[in-house]
Structures are given as C-alpha cells and as structure tokens.
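>>> how does the following fold in three dimensions:
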Amino acid sequence: ASPPKTVGTISTATSSSKKRGSAVAACATTGMSGTPENQGENTMIEYLSLKKVTARHLREIQEAVAATVESGRYLQGGRVEAFETAYARYIGTPHCIACGNGLDALSLIFRAYKESGFLHEGDEIIVPANTYIASILSITECGLKPVPVEPDIRTLQIDDRLIADSITERTKAVLLVHLYGRCAYTETIGKICKRHCLKLIEDNAQAHGCTHRGRHTGALGDAAAHSFYPGKNLGALGDAGAVTTADGELAAAVRALANYGSSRKYVFPYKGVNSRMDELQAAVLSVKLNYLDEENSRRKTIAKYYEEHICNGHIRLPEDHRADNVYHIFPVFCHHRDRLQQWLQAQGIGTMIHYPIPPHKQECYREWNDRSYPVTEEIHRTELSIPCNQTMSSEEVMAVVEALNGWKGSLTPDPSPRGERSDVPINVWSGHEK
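This is a model prediction of the structure:
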C-alpha cells in the first residue's frame, strides 16, 4: 500500500472516530511536543482542554509559579514589569500596561481618551455588529454610543465598505475587533480613520500573534486591548489583560486609571479603578509567550487541513483567506447548526457557538432589539466552532473532518433564539458559495 499523504503535519491516512485508540502513528506526524496520549474508544475530542494546554509547558509553569510564591511579591512586582516589556517588544509598541482583564483594557482606553479631552459623553464609536458583547459594554460603560456596522460575510470582519456611511459629526473612533483570530485591519480602514481624524482602537482579545504586512495586530492603530483569558491563544491561569500603544501620554493615563487613578503613591489625578495583573499571571504568561508563534503555526496547519478536506454541501466555511489568521476560533456555518452540533456530540466531538445571540438582540440592550442587521443575524444563527488548537493530534483532526463530511443534513430548520425566524434563510451568502 502507498504511504499516506501529508498536509503540513497532518497525516491523511483514513481515520475513524470509532478507532481513536490507535493514535500512535498520527501523534508521530504532528511535529509538536505535548501531543495528547492515546485515547480510548469513547474519549471525547474536547473543544478545548485547558488542562492539555497547560500540560504542554507544565514544568516551566510550575517553576515560574513556585519562584513567584517564594519571592513574597504578588502584586506590582518585577514579573509584571518583565511581561510588559516582553509583550510590548513582541507586539511592536513602546508601551504595554498590564491590567485585570480584556474588558478593563478596552474601558481604560476609552476612559483615558475621555480624560485627555479627545472623547466626550455621547461621542460615537463605530464597532462591528457581530462582535462579542464585551466590545459593546466597554463603549456604553464609558458613556459613549456604539454604532454597529455589519460584517462582510466572506471575512466575518467589519465591512470596510460600510464604515464611511456610518460616520457623523459625533464619530470619534473605530473599534476594530480581530474576531476569531483573523486580522480585521484593511488599508481602507486606515485611510478612513486618517481622513476623518478618528482614533483606531483594536480589540485584540482573539488575535495574539496575528500580523498585517509584518506588523502585529495590537500595533496597527492608536491603542489596543488584549485579553489573556485562559482559553485565548495566549492565556493565563485566570483573568488578565493589557493595553498596548505608542502614545506615551495615553499609556500614562491608562496606567494611572488602572491603579485607583494614582500617578504616584497617594497622588490621584483621576477617579480610577483597581485593575491589576498579578505576579502569578505575569509569570505564567511570560512562559507561554515563548511558544505563541509555534502554537499558532500548529493552529494554522490544522485550519488548512480543514479548509482543504471539509466537503459537505450543508456546511459553509469562511472563504476570504487573504488576511492573516491565528485561528482562535475555526467557525463553520450551517442552517441546521443545532442539529449539526448534536450530530458531532454523538460522534464524540465537542463544539461551541460564537455566539448564539448578537449584541443588538440581547436583553441588556433592549432598546436595540427591533433593529435589523441581517448579515450579523445570519452569522449568529448559523455559526458553529469546531476544535482547532495546538493540543490536537492528527487523528483527532481527521476525525473532526470525517464527522463533518459524514453528516447528512436535516429536513427541518433549527428553532431560533428570541423568536427570530430561521425557516427562511437570509441570502447573505449569495455569490459566495464554496
């Protein structure tokens, strides 16, 4: 018999979800350390196992944590400073300010711009309509007005063709969200911001390590927010976040605002908050930062295999691959999403939905509930995230493809959240079928 072909480090030998116990050969082809051990027949392919993510670098993490505990310094110490320096160097900005989480990072940027006088109560911030709700919350909690703009169905990122028409005299910034790990920046967006004197703020919570023409996301605009939630491509062992920027005055304001508003001990020019990264999280992140590019490369290899081998007329994949993507999430789309999810669960494959209800249909923004964003609603109605991470063995990747290709579809539509109809699919994919 001919030897199996390979794509990157994924063996294309025949796989069966019923035979996942025979993973030795597949593990040998991954080319990555920390590949999961052989699995029993009924073992679930988890969407993401944080235990396995940590296990890849467990000894280094344990040593870093132990050293931190023994140091007796747990807040505002040398490990946070060291991580800030390393992450700023990695992103490519002069300044990195560690904080408590990604939402705080966004809010601190907006608050700092308000303190500087650039932003005022009621100013408008353009934001993708299909983003995670934290992006919206950061705007409204600072007394600013979100202006949702539809995404491009081909890229799932904000549609740069629609931004200009959403600009008014109150528009002051564009919040660019690199959703799913894909770079959302375009030269068109950069030119629009420059032409209209708008700040470009990046939500880089899902795109650590992503690039645009040799520059990392997080260094493409005026300021950027980063989340190190444990499930991110660069994740801590708890909550943590950061702001990166080339603006020294903004950096100083963000740092003060995150420390009760204190510019120096017992001096408070601002009414601030307490939003700190602790020394333990900084120590862990410093270890994991060393492996970020390698692990992103593995995600890209898996994603390429998915793109080349998933072939099912009931399932759509994102199609525009011109921008860099570190695949924090690999989404597929199906009008019978819930039934597909049930099928995959029965095959032993874990999935997630990002996200079942768009921000404008959430109860907390009930004043928007009667708005219509057809592309956003179609994405939220049909999106299903499949496993795509550095801990996966080649056999697991092939089993996911086999299960997706083996699904025969459904004759009845899924029920829709919040009373929306799903029996009449919106034709936002017209002209973009694979």
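>>> what values do phi and psi take at Asn259?
Dihedral pair for Asn259: phi -120, psi 60, per degrees, to the nearest 10.
>>> quick check: bridge partners of it?
Under the criterion DSSP bridges, Asn259 forms beta bridges with Asn274.
>>> contacting residues for it?
Gly272, Asn274, Arg276 (Cβ atoms under 8 Å, 6 or more residues apart in numbering). C-beta: built from backbone N, CA, C; applies to glycine.
>>> give me the mean pLDDT for stretch 155-164.
The average pLDDT for stretch 155-164 rounds to 97.
>>> try stretch 244-256
Per-residue pLDDT values over stretch 244-256 give a mean of 98.
>>> can you check stretch 205-216 too?
The model assigns stretch 205-216 a mean pLDDT of 98.
>>> circling back to that earlier point, hmm, which of the contacts of Asn259 are the buried ones?
Buried members of these, scored by 16 or more other Cβ atoms under 10 Å, are Gly272, Arg276.
>>> what's the closest of the contacts of Asn259 to Leu257?
Nearest to Leu257 among the contacts of Asn259, counting by Cβ to Cβ, is Gly272 at 4.4 Å.
>>> and the closest one, how far from Gly102?
Distance of Gly272 to Gly102, given as Cβ to Cβ, to the nearest Å: 18 Å.
>>> go on, Asn259?
Asn259 is 18 Å from Gly102, by Cβ to Cβ.
>>> strands of the chain, start to end?
6-7, 10-11, 95-99, 124-128, 145-149, 171-177, 199-203, 211-212, 215-216, 223-227, 241-245, 330-333, 383-386 (DSSP state E).
>>> partner strands of the longest one, parallel or antiparallel?
For strand 171-177, the paired strands and their directions (DSSP bridges) are strand 124-128 (parallel), strand 199-203 (parallel).
>>> off-centre distance for it?
Its chain's C-alpha centre and that of strand 171-177 lie 18 Å apart, by Cα atoms, centre = their mean, to the nearest Å.
>>> same check on stretch 290-301?
With Cα atoms, centre = their mean, you get 15 Å for stretch 290-301.
>>> how many other residues sit next to the residue nearest to Glu363 when sequence neighbours are not counted?
Distances taken as Cβ to Cβ, 6 or more residues apart in numbering place Asn369 nearest to Glu363, at 8.0 Å, with adjacent residues excluded. For Asn369, the count of nearby residues is 11 (other Cβ atoms under 10 Å).
>>> list the buried residues for the longest helix along the chain?
What stands out as the longest helix in the chain, according to DSSP state H, is helix 292-309. Residues 292, 295-303, 305-306, 309 are the ones in helix 292-309 that count as buried (16+ other Cβ under 10 Å).
>>> dump the strands paired with strand 171-177 to a markdown table, plus distance to Asn233 and mean neighbour count.
Formatted as a markdown table, the strands paired with strand 171-177 follow (distance: least, Cβ to Cβ, whole Å; neighbours: other Cβ atoms under 10 Å):
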| stretch | distance to Asn233 | mean neighbour count |
| --- | --- | --- |
| strand 124-128 | 20 | 25 |
| strand 199-203 | 14 | 25 |
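>>> out of the ones you listed, nearest to Gln76?
Gln76 lies closest to strand 199-203 among those, at 25.8 Å (Cβ to Cβ).
>>> ok, which stretches of this protein are helices?
24-28, 50-55, 58-71, 78-91, 102-116, 133-140, 160-163, 187-195, 248-257, 279-289, 292-309, 337-346, 374-382, 394-406.
>>> got the CA positions of the fifth one in PDB?
I take that to be helix 102-116. Output of helix 102-116 as PDB, limited to C-alpha atoms (Å, rounded to 0.1, in the frame of the first residue of the first chain):
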ATOM      1  CA  GLY A 102      -9.700  42.400  28.400                       C
ATOM      2  CA  LEU A 103     -12.800  44.300  29.200                       C
ATOM      3  CA  ASP A 104     -10.900  46.500  31.600                       C
ATOM      4  CA  ALA A 105      -8.300  47.100  28.900                       C
ATOM      5  CA  LEU A 106     -10.900  48.400  26.500                       C
ATOM      6  CA  SER A 107     -12.600  50.500  29.100                       C
ATOM      7  CA  LEU A 108      -9.400  52.000  30.300                       C
ATOM      8  CA  ILE A 109      -8.500  53.100  26.700                       C
ATOM      9  CA  PHE A 110     -11.900  54.900  26.400                       C
ATOM     10  CA  ARG A 111     -11.600  56.400  29.800                       C
ATOM     11  CA  ALA A 112      -8.100  57.700  29.100                       C
ATOM     12  CA  TYR A 113      -9.300  59.300  25.900                       C
ATOM     13  CA  LYS A 114     -12.100  61.000  27.900                       C
ATOM     14  CA  GLU A 115      -9.600  62.300  30.500                       C
ATOM     15  CA  SER A 116      -7.500  63.700  27.700                       C
END
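>>> so which bits of that helix are buried?
102-115.
>>> and for the shortest one?
Of the residues in helix 160-163, those buried under the neighbour-count criterion (16+ other Cβ under 10 Å) are Asp160, Ile163.
>>> and it, how far out from the chain middle?
22 Å.
>>> any chance of the contacts of Asn259 in TSV, plus pLDDT?
Formatted as TSV, the contacts of Asn259 follow (pLDDT from 0 to 100):
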residue	pLDDT
Gly272	97
Asn274	98
Arg276	97
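>>> any chance of the contacts of Asn259 in JSON lines with distance to Gly409 as columns?
Shown next, in JSON lines, are those (distance: Cβ to Cβ, whole Å):
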{"residue": "Gly272", "distance to Gly409": "54"}
{"residue": "Asn274", "distance to Gly409": "51"}
{"residue": "Arg276", "distance to Gly409": "50"}
